[in-house]
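**Q** return atomic coordinates for the entry below.
(chains A and B)
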Amino acid sequence: DIQMTQSPFALSGFIGDRVTITCRASQTIGDSLSWYKQKPGHPPELLIYGASTLKSGVPSRFSGRGSGTEFILTIDSLQPDDVATYFCQQGLRAPRTFGQGTKVELK
Amino acid sequence: HLQESGPGLLKPSEILSLTCTVSGGSMTSFYWSWVRQSAEKGLEWIGRIGDDGNTVFNPSLRSRVAMSLDTSRMQFSLSMFPLVAADTAVYFCAREVGPVIPPAHFDLWGQGIAVSVAS
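**A** Alright, predicted model coming up:
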């Protein structure tokens, strides 16, 4: 299985801060990487696919980059609605695998 | 829109049967997946079924799961047997787009159904 490792496990920032989350794959996955946002009691919600393509309707303060084994999710100006847990997921090989999640909070 | 249905409380060694009802679109040209989430294992992909009925399962669960598709009823289903306590989780159905162009991703998720396995 391809292991997905996120860092940090949790982070906090002030409104307006830029925050970044890193996701590393145990083997190269090209650009087959997606990012999801999940709030408690809700399903994951797609933000980005293909490592850098923003899903229609997702605020432009979210961006993704990377390829191969290292990927980064950036929130350019942290907003209250961004408080959630963020997951990466590889879609190159079965079984599909997810990172363990990064919890984002406000200071 | 996806909606899971099924029992929420089961005993070890029983069978879990969940159904996902698809509304507002077609079932063709997509893969239909089940993903579960627990505090212990996080998000875990169980497997998927294509619109041709072909299935791919997570090797860790392959011996205990089955999936089926009924396009006339716009539903797909998951069966898991025999259940163990570690199967306690929230189960989501999800639609996978891809897998090459665009790169595979889950663009639509059900709300999830909590399943507890306890004696």
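
**Q** how much space between the nearest residue to residue B:47 once chain neighbours are set aside and residue A:68?
**A** Spatial nearest neighbour of residue B:47, excluding adjacent residues (Cβ to Cβ, 6 or more residues apart in numbering or on different chains): residue B:57 at 3.7 Å. C-beta here means a position set from N, CA and C on the backbone, and glycine is covered the same way. Distance, residue B:57 to residue A:68, using Cβ to Cβ, to the nearest Å: 27 Å.

**Q** list the contacts of the most centrally placed residue in chain A.
**A** Nearest residue to the geometric centre of chain A (Cα atoms, centre = their mean): residue A:35, 3.8 Å. Residue A:35 makes contact with A:23, A:46-48, A:62, A:64, A:73, A:86-89, according to Cβ atoms under 8 Å, 6 or more residues apart in numbering or on different chains.

**Q** nearest to residue B:72, of these?
**A** residue A:46 (28.0 Å; Cβ to Cβ).

**Q** wait, what's in contact with that closest one?
**A** Contacts of residue A:46 (Cβ under 8 Å, 6+ apart): A:34-36, A:55, B:105-107.

**Q** how about it, secondary structure?
**A** strand (DSSP: H, G, I helix; E, B strand; the rest coil).

**Q** okay, the contacts of residue A:35 in JSON lines with pLDDT and distance to residue B:44 next?
**A** Listed next are those as JSON lines, based on pLDDT from 0 to 100; distance: Cβ to Cβ, whole Å:
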{"residue": "A:23", "pLDDT": "98", "distance to residue B:44": "17"}
{"residue": "A:46", "pLDDT": "98", "distance to residue B:44": "18"}
{"residue": "A:47", "pLDDT": "98", "distance to residue B:44": "20"}
{"residue": "A:48", "pLDDT": "98", "distance to residue B:44": "21"}
{"residue": "A:62", "pLDDT": "98", "distance to residue B:44": "25"}
{"residue": "A:64", "pLDDT": "98", "distance to residue B:44": "23"}
{"residue": "A:73", "pLDDT": "98", "distance to residue B:44": "21"}
{"residue": "A:86", "pLDDT": "98", "distance to residue B:44": "17"}
{"residue": "A:87", "pLDDT": "98", "distance to residue B:44": "12"}
{"residue": "A:88", "pLDDT": "98", "distance to residue B:44": "15"}
{"residue": "A:89", "pLDDT": "98", "distance to residue B:44": "11"}
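
**Q** helices - which of the residues you listed land there?
**A** The members of the contacts of residue A:35 all map outside helices under DSSP state H.

**Q** ok, and the most crowded of those residues?
**A** Ranked by neighbour count (other Cβ atoms under 10 Å in any protein chain shown), these have residue A:88 at the top, with 29 neighbours.

**Q** residues contacting it?
**A** Counting by Cβ under 8 Å, 6+ apart, the residues that residue A:88 touches are A:4, A:6, A:21, A:23, A:33-36, A:71, A:73, A:98-99.

**Q** which one of these is nearest to residue B:45?
**A** Distances from residue B:45 to those, taken by Cβ to Cβ, are shortest for residue A:98, at 7.4 Å.

**Q** phi and psi next, for that closest one.
**A** phi -120, psi 150 (degrees, to the nearest 10).

**Q** noted, bye for now.
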